[in-house]
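Asker: next come a sequence and a model predicted from it.
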Amino acid sequence: MKITNLELTGPFITALAELAKTKTNTKVAYNAAKTIKSANAAIEVFNDAKKSLVEPRCKLDTSGKPETENITVQTRDASGALVDQVQNHYVFPTSEIKSEVEGLIAELSKQEVEVEVWPVTLDDLGNIELTPLVMMGLKDFIKES
């Protein structure tokens, strides 16, 4: 399945994680596990690429390591509710460099990647209760029966 890095690291992996917490049948569990493994490999590549764009441009601490700070941001959980989350952010020497890096990350986030998906049908899901947000996030993982 072709998916952008942004969709992959947001709604898709979040929806898969919600599905993974759900009591289900063997086929759904097995296909979800294989798809999660494939998605996690693509996320690791994305994170490595992001790190290679960010770390050379950020401020270094006295030991020569990238300087970070904790920032509280609002994100949405799998049900769509807003939640506060503490995130560790890099510190940049100037606002111009920070803006440059944000632009590079935005460009990287828009790139499409191929994630191997082992789909299931609506019939395979049976009586599993999933929210509409999770269903939308699962994209091509669920095929109509």
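Answerer: Yep, that arrived.
Asker: kindly list the longest helix within the protein.
Answerer: helix 26-54 (DSSP state H).
Asker: buried ones in it?
Answerer: 28, 31-32, 35-36, 38-39, 42-43, 46, 50, 53-54 (16 or more other Cβ atoms under 10 Å). No exception for glycine: its C-beta is placed from N, CA and C like everyone else's.
Asker: helix/strand/coil for the residue located most distally from the centre of the chain?
Answerer: The C-alpha centroid of the chain is most remote from Thr62, which lies 31.9 Å away (Cα atoms, centre = their mean). Secondary structure, DSSP: H, G, I helix; E, B strand; the rest coil: Thr62 is coil.
Asker: show the backbone phi and psi for it.
Answerer: The phi and psi torsions at Thr62 (degrees, to the nearest 10) take the values phi -60, psi -20.
Asker: where in the protein is pLDDT low?
Answerer: 78 (pLDDT under 70).
Asker: ok, now with 90
Answerer: 11, 73, 75-81, 85, 87-88, 127, 129, 131-133, 139-140, 144-145 (pLDDT under 90).
Asker: correct me, but Leu133 touches Gly80?
Answerer: Yes: assessed by Cβ atoms under 8 Å, Leu133 is found in contact with Gly80 at 4.9 Å.
Asker: of these two, which one has the most company?
Answerer: Using other Cβ atoms under 10 Å as the criterion, Leu133 and Gly80 rank with Leu133 on top: 18 against 10.
Asker: tell me the contacts of that one?
Answerer: Counting by Cβ atoms under 8 Å, 6 or more residues apart in numbering, Leu133 touches 11, 15, 78-80.
Asker: mind listing what's buried along the helix or strand harbouring it?
Answerer: Assessed by DSSP states H and E, Leu133 sits inside helix 132-137. Of the residues in helix 132-137, 133-134, 137 count as buried by neighbour count, 16+ other Cβ under 10 Å.
Asker: can you list the strands that the helix or strand following it pairs with?
Answerer: Downstream of helix 132-137, the next assigned helix or strand under DSSP H and E is strand 142-143. Strand pairing for strand 142-143, using DSSP bridges, gives strand 120-121 (parallel).
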